[in-house]
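The following comprises the amino acid sequence and a computationally predicted model.
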Amino acid sequence: MTKFDEATQVIRVDERTYDVCLDDGYSLGGPLNGGYLLATVLRAVVDSSPHDHPVSTSAQFLRAPRPGPARVEVEELRSGGTVTVTRARLVRDGTAFVETLVTTASLDGDAEPAWTGRPRVRMPPPEECVRLPGPRPDSNMNFGAQVDLLFDPATIGWVSGAPSGRPESRAYFRLAQPQDPDPYVLALAVDSLPPVVFSSGARGWAPTVELTWHLRALPAPGPLTLLGSGRLVSDGWFDEDVEVWDSAGRLVAQSRQLALVGRRGA
């Protein structure tokens, strides 16, 4: 079992309840990464479903949970031969932190697309990309140690005080501990980029309010390419779209989230 698999492990208590232990390794200055939380919830959902893959997930982030014991509660809303729809919530001491609606289905790993577009932005080759500087030891920004991100230099000017002025973020992605990507790794990947609003000049914790992502295909082994962009930054809110392309050049995941600009603290 890899470190990521262990960190997102769920233990079935009964047909509607799973115990989990939220891992401090995925914290961002205290709160836990939203994609990590979704990966954990989705393991419980898929375990409870007759289908193998979480093809559509819509999540409301109600509160920012801290590391430690928690539970996932699942409720099947509809199940058929093609899809199952499940409501799932991450709770602690009776308080809900994340509420989700998840559609599961069984994808064919050998399916060929009838039509596919191309990445909307061309990434530079990996040897021309860069890693972000490591966080201060006292920052509790542990998430960066779990992933290996190589950034398009054009999207990280904000690090040196020269943001591009456009909401954007792009990088090659893999887990720090080698592991072929699967749907749970994709759930993490769609929320692994620095907020695109940083490139438009904002800074500070940018909490996600709602995130929807779609699993479009089962990913090939190897690194992923993350292409993030926003359409509007206004009135303290911004949106973020992420495309995930696998090593075979296929679009394997898409996400959109709504988040708050530049908030500090939980």
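Received, thanks.

Can you classify residue 184 as helix, strand or coil?
Counting by DSSP: H, G, I helix; E, B strand; the rest coil, the backbone at residue 184 sits in helix.

Please work out how many residues are found near it.
Neighbour count for residue 184, taken as other CB atoms under 10 Å: 21. C-beta here means a position set from N, CA and C on the backbone, and glycine is covered the same way.

And the one 10 residues further on, by the same measure?
The number of residues packed near residue 194 is 18, by other CB under 10 Å.

Surely it is in contact with residue 167?
No - Residue 194 is beyond contact range of residue 167, at 11.0 Å (criterion: CB atoms under 8 Å).

Residue 188 belongs to a strand, doesn't it?
No - counting by three-state DSSP, residue 188 is not found in a strand; it is helix.

which residue packs closest to it, ignoring adjacent ones?
Spatial nearest neighbour of residue 188, chain neighbours left out: residue 35 (4.2 Å); criterion: CB to CB, 6 or more residues apart in numbering.

list the contacts for the spatially closest residue to residue 38 that is not a sequence neighbour?
When the adjacent residues along the chain are set aside, residue 38 lies closest to residue 187, with 4.6 Å between them (CB to CB, 6+ apart). Under the criterion of CB atoms under 8 Å, 6 or more residues apart in numbering, the neighbours of residue 187 are 35, 38, 39, 42, 54, 57, 213.

Among these, name the ones in helices.
35, 38, 39, 42 (DSSP state H).

Most neighbours among these, which one?
Counting neighbours by other CB under 10 Å, residue 38 leads the ones in helices among the contacts of residue 187 with 30 neighbours.

residue contacts, it?
Residues in contact with residue 38 (CB under 8 Å, 6+ apart) are 57, 59, 98, 100, 187, 188, 191, 211, 213.

Switch those over to JSON lines; also include pLDDT and distance to residue 76.
Formatted as JSON lines, the contacts of residue 38 follow (pLDDT from 0 to 100; distance: CB to CB, whole Å):
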{"residue": "57", "pLDDT": "98", "distance to residue 76": "15"}
{"residue": "59", "pLDDT": "98", "distance to residue 76": "18"}
{"residue": "98", "pLDDT": "98", "distance to residue 76": "18"}
{"residue": "100", "pLDDT": "98", "distance to residue 76": "13"}
{"residue": "187", "pLDDT": "98", "distance to residue 76": "20"}
{"residue": "188", "pLDDT": "98", "distance to residue 76": "25"}
{"residue": "191", "pLDDT": "98", "distance to residue 76": "26"}
{"residue": "211", "pLDDT": "98", "distance to residue 76": "22"}
{"residue": "213", "pLDDT": "98", "distance to residue 76": "21"}
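
Any chance of those in a markdown table with distance to residue 220 as columns?
Shown next, in a markdown table, are the contacts of residue 38 (distance: CB to CB, whole Å):
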| residue | distance to residue 220 |
| --- | --- |
| 57 | 21 |
| 59 | 26 |
| 98 | 29 |
| 100 | 27 |
| 187 | 17 |
| 188 | 17 |
| 191 | 21 |
| 211 | 24 |
| 213 | 19 |
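
Okay then, goodbye and thanks.
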